[in-house]
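Q: Prediction below, plus the sequence it came from.
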Amino acid sequence: MSKLLKSGAFVEDAYAAVADDAALPEGAVLVSLPRFQKEREALLARNTALGIRLQSHENPEILGADLHHFALVALEFPKFRDGRAFSWARILRTRLGFKGEIRAVGDFLYDQMNYQHRVGFNAWEVPDHFTVEQFTKALTEMTNVYQPSSDGRKTIRELRASS
Amino acid sequence: MSSPARRPAPEPVQPNMYRYDEFDAQFVSERVTQFAYQVERRLKGELTEDQFKPLRLMNGLYLQLHAYMLRIAVPYGTLSSKQMRKLAHIARTYDKNFGHFTTRTNLQFNWIKLVDVPAILRELADVEMHCIQTSGNCVRNVTADQFAGATDEEIEDPRPLSEIIRQWSSLHPEFVFLARKFKIAVGACEKDRAALQYHDMAVQVVRNSEGRTGYKVMAGGGMGRTPYLAHTMSEFVAREDILAYLEAVLRVYNMDSRRDNIHKQRIKILINTIGVEEMRRRVDREFQELKAMGTLQLPQRELDRIAAYFAPPRFETGLSDVIPDAGPDFANWVKTNIAKHKAPGYAIATITLKTPGQVPGDATSEQMDIIADLMDEFSVGEVRVTHEQNLVLPHVRKQDLPAIYARLKELDFAAPNAGLITDIIACPGLDYCDLANARSIPIAQSIARKFENLDRQHQIGELKIKISGCINACGHHHAGHIGILGVDKKGVEFYQLLLGGSGAEDASVGVIMGPGFGEHEIADAVERVVNVYIAERQTGERFLDTYRRIGMDKFKAAAYETAAA
């Protein structure tokens, strides 16, 4: 079982993850890219929040102008070693100006959460035993950073200049 | 190996090199704590070996055949005497009293216990060192020309930019889970001592037609099972844009590289699949966006600030510019191991860790300690590690060379063979590495012994032999004038010969001659190949030049001549 961590707390997942061949339930749904492409009109006609789940080889730019229909983009880690989603999140936040939820799903490690947070993820599907304390620890193991990223944190170079 | 009585240690000298400020120190210290927590979770079983592996690799920790190997970063090959003494101490305390300098200018220890690793990392942090990104699928330790700041051939010292790249690439959140490893080198002159064209990405300091200094960026070089020379991505990137440009290349690589076949996941495969034009187009798109965002722009004052750390030492004036006479052995050493320095009265001295019979790149604790003493006494506290697994004293007075030579001789590190046939690069091979198919070290040793006669070595002249124990090419066999590749044929070690490679400014990929030789035949085959060169060469030709002129046939015929008998 898994649970959803968002903005530093566990929350009820408002979205129903729907398999490609399953009927759509009432309310907010999370669908795959192929399903969205196939049922675009019908999905947009529903007056509920929409989320899209992208596999690691699916560049979010493919959504084009449709991106603004989504309040949630779930980026999948098929294996924790597959780091493509780090770039997808960065592009979503910077080039595409996406302000909604970017959720990490699939096989990722505690040790990657800080990097995910830096590039723009703000929600994580985590195992049941995972705690908020662990999340806080993951984000604070390293106090400062050398690179600018989507989190807008001051870099060490900027801190030097102002100290 | 001789271990002479150590003289009283001289007063340590702090060379002009990058020094950590409070931010760097905190970063490395927290990184140690972070890794210690990963080790703790592994030991408790909370992380599987599969999960732990990329995490430990990102911190330079390999599981080898017999034990853990720990690889310590030597950024752009620059070490202070204090750091060298610390490495000697770690070898003595936690390992079997020696360390191995690698082709990535790092130092690795081959007999490390996992439980000791956090303590070793703390000791390293005390002298501003770490193991961050010395392995794994991330941006590796950046390398540079070992003559940086000492040669008059360079436009500027390449190390300030290397340090800026080191900081930018340290735990870069977007690029720590790349498809494969990513190696960056920096050079600053036409002469290429850093094998730039064999790197995933290389930066060369250049001057454009308007006289502005900037950077040429190359990408897509690499060795391994599919060797490629790098393509030029941009002839001229402005100084302030360089990090944006490098980040653009890495982003395209991270997004677009294959992830389905480990042998086809380096950037060289991506570029050679989509074509260099398409790669440039994709990179330029990212670059323009990153440049416009402005957050990665590099102000001149930041470059100046970092460059100030690497200010040239105060060279004495009025020194004699003549190397004193100190006998024929010394004269031989000078001929091969001394290079021209930019300051009158000074020289650059290469210490080859290749005395025939020794393991290329190895040094004992005692040797490291004494080299640290020599650094303090003669070279403003500084040494460089080269990708050819040698050390360089970058700033020595010519008048001190006889004394330095005498001290090196006591250490067994005075081999007058820099660039000669016995100055062999070899990977650890099957003696240590669980990827290897064959041993490299004994082959290097047997070739070095065969050509031990110094007159003969000098007669042969520049000839670079590079040996890898498997297709991964850690011993750079593709770039050897003579390359040797160990292969396994039904449980027996065989060695293929390659001719005509070069890792220098005239870079080329060596060509495989044909079927491999047995471990007892390979040194003889090399000798027959060298004899063809001696017979065929024209005035002034190096081995490589003769090969390029006459081609493979005569060499091949000779190599196999008696192999069958």
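A: Structure received.

Q: Pull the contacting residues for the residue in chain A positioned nearest to chain B.
A: Chain B sits closest to A:Gly83 of chain A, with a gap of 2.7 Å, by C-beta to the nearest C-beta. Where C-beta positions appear, they are placed from N, C-alpha and C, glycine not excepted. Shown in contact with A:Gly83 (C-beta atoms under 8 Å, 6 or more residues apart in numbering or on different chains): B:Asn137, B:Glu174, B:Phe175, B:Val176, B:Phe177, B:Leu178, B:Ala179, B:Asn254.

Q: does B:Asp321 count as helix, strand or coil?
A: coil (DSSP: H, G, I helix; E, B strand; the rest coil).

Q: what about it, how many neighbours?
A: Using other C-beta atoms under 10 Å in any protein chain shown, B:Asp321 has 12 other residues around it.

Q: Of all residues in chain B, which one is nearest the centre?
A: Closest residue to the average C-alpha location of chain B: B:His387 at 2.3 Å, with C-alpha atoms, centre = their mean.

Q: so where does that one fall, helix or strand?
A: Taking DSSP states H and E as the definition, one finds B:His387 inside no helix or strand.

Q: Burial check on the closest residue to it other than its chain neighbours, number of neighbours?
A: In this structure, B:His387 finds its nearest non-sequential neighbour in B:Thr103, 5.1 Å apart by C-beta to C-beta, 6 or more residues apart in numbering or on different chains. Neighbours of B:Thr103 under the rule other C-beta under 10 Å: 26.

Q: I am assuming B:Thr103 contacts B:Ile424, so please confirm or correct that.
A: No. Contact criterion C-beta atoms under 8 Å: B:Thr103 and B:Ile424 do not qualify, at 11.6 Å.

Q: quick one, helices of chain A?
A: Counting by DSSP state H, one finds helices in chain A at the ranges A:33-38, A:40-45, A:84-93, A:113-119, A:132-140, A:156-162.

Q: Any buried residues in the first one, and which?
A: Pointing back at helix A:33-38 there. Counting neighbours by 16 or more other C-beta atoms under 10 Å in any protein chain shown, one finds that the buried residues in helix A:33-38 are A:Arg35, A:Phe36.

Q: contacting residues around that helix?
A: Residues outside helix A:33-38 that contact it (C-beta under 8 Å, 6+ apart): A:Val18, A:Asp20, A:Leu43, A:Ile52, A:Arg53, A:Leu54, A:Gln55, A:Glu58, A:Ile62, A:Asp66.

Q: Please indicate which of those residues has the highest neighbour count?
A: For the contacts of helix A:33-38, counting by other C-beta under 10 Å, the largest number of neighbours falls to A:Ile52: 24 neighbours.

Q: residue contacts, that residue?
A: A:Ile52 neighbours (C-beta under 8 Å, 6+ apart): A:Leu30, A:Val31, A:Ser32, A:Leu33, A:Phe36, A:Leu63, A:Phe70, A:Leu72, A:Val73, A:Ala74.

Q: That one and A:Val73, how far apart?
A: Separation of A:Ile52 from A:Val73 (C-beta to C-beta, to the nearest Å) stands at 6 Å.

Q: And for B:Val217?
A: 32 Å.

Q: And A:Trp88, by the same measure?
A: Separation of A:Trp88 from A:Val73 (C-beta to C-beta): 8 Å.

Q: Need the residues touching each of the two.
A: Taking C-beta under 8 Å, 6+ apart as the criterion, A:Trp88 and A:Val73 both touch A:Leu54, A:Pro60.

Q: if we can go back for a sec, mark which of the contacts of A:Ile52 are buried, thanks.
A: Buried by 16+ other C-beta under 10 Å: A:Leu30, A:Val31, A:Ser32, A:Phe36, A:Leu63, A:Phe70, A:Leu72, A:Val73, A:Ala74, out of those.

Q: Turn those into TSV, including pLDDT.
A: Listed next are the buried ones among the contacts of A:Ile52 as TSV, based on pLDDT from 0 to 100:
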residue	pLDDT
A:Leu30	98
A:Val31	98
A:Ser32	98
A:Phe36	97
A:Leu63	97
A:Phe70	98
A:Leu72	98
A:Val73	98
A:Ala74	98
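
Q: The residues you listed: which two are farthest apart?
A: Pairwise distances across these peak at 14.3 Å for A:Leu30 and A:Leu63 (criterion: C-beta to C-beta).

Q: got a list of what whichever residue of chain B sits closest to chain A touches?
A: Using C-beta to the nearest C-beta, the single residue of chain B nearest to chain A is B:Phe177, 2.7 Å away. Taking C-beta under 8 Å, 6+ apart, we find B:Phe177 in contact with A:Phe80, A:Arg81, A:Asp82, A:Gly83, A:Phe86, A:Gln112, A:Tyr115, B:Pro54, B:Asn137, B:Cys138.

Q: what do you get if the cut-off is 6 Å, keeping everything else the same?
A: A:Arg81, A:Gly83 (C-beta atoms under 6 Å, 6 or more residues apart in numbering or on different chains).

Q: so it sits in a helix?
A: No. Applying three-state DSSP, one finds B:Phe177 to be coil, outside a helix.

Q: Where does the prediction get shaky in chain A?
A: Scanning chain A for pLDDT under 70 picks out no residues.

Q: residues from it in reach of chain B?
A: Within chain A, the residues that sit near chain B (C-beta under 6 Å from any C-beta of the partner chain) are A:81-83, A:86-87, A:90, A:111, A:115, A:118-119, A:141-142, A:144, A:146-149, A:156.

Q: Only whichever of those are buried, select them in PyMOL.
A: To isolate the buried subset of those in PyMOL, counting by 16+ other C-beta under 10 Å, use the following:
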select buried, chain A and resi 81+82+83+86+87+90+111+115+118+119+141+142+144+146+147+148+149+156
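
Q: Among the contacts of A:Ile52, which ones are in strands?
A: Secondary structure from DSSP state E places A:Leu30, A:Val31, A:Ser32, A:Leu72, A:Val73, A:Ala74 of the contacts of A:Ile52 in strands.

Q: Mind listing residues that contact stretch B:248-268?
A: For stretch B:248-268, the surrounding residues in contact (C-beta under 6 Å, 6+ apart) are A:82, A:87, B:175, B:178-180, B:200-201, B:219-220, B:222, B:228, B:270, B:282-283, B:286-287, B:290.

Q: Also stretch A:40-47?
A: With contacts defined as C-beta under 6 Å, 6+ apart, stretch A:40-47 is touched by A:His69.

Q: Give me the distance between the nearest residue to B:Ala559 once chain neighbours are set aside and B:Gly516.
A: Excluding the flanking residues, the one nearest B:Ala559 by C-beta to C-beta, 6+ apart is B:Ala525, at 4.7 Å. Noted for B:Ala525: a distance of 10 Å to B:Gly516, by C-beta to C-beta.

Q: Up against chain A, what does chain B have?
A: Checking chain B against chain A by C-beta under 6 Å from any C-beta, the hits are B:23, B:30, B:34, B:54-55, B:167-168, B:170, B:172-174, B:177, B:251, B:254-255, B:259, B:295.

Q: Show me what counts as buried in stretch A:123-138.
A: Those buried within stretch A:123-138 under the rule 16+ other C-beta under 10 Å are A:Ala123, A:Trp124, A:Glu125, A:Val126, A:Phe130, A:Phe135, A:Ala138.

Q: Ends of that stretch, what's the gap?
A: 14 Å (C-alpha to C-alpha, to the nearest Å).

Q: With stretch A:139-156 instead?
A: 17 Å.

Q: who touches it?
A: The contact list for stretch A:139-156 (C-beta under 6 Å, 6+ apart) reads A:90, A:93, A:114, A:117-120, B:23, B:30, B:34, B:167-168, B:170, B:172-173, B:295.

Q: Closest one of these to B:Ile132?
A: Comparing these against B:Ile132 with C-beta to C-beta places B:Ser170 closest, at 5.8 Å.

Q: Counting by contacts, list what the helix or strand encompassing B:Gln496 packs against.
A: Using DSSP H and E, B:Gln496 sits in strand B:492-499. With contacts defined as 3 or more C-beta pairs under 6 Å, 6 or more residues apart in numbering or on different chains; DSSP states H and E, strand B:492-499 has these neighbours: strand B:482-489, strand B:511-512.

Q: Nothing else from me, thank you.
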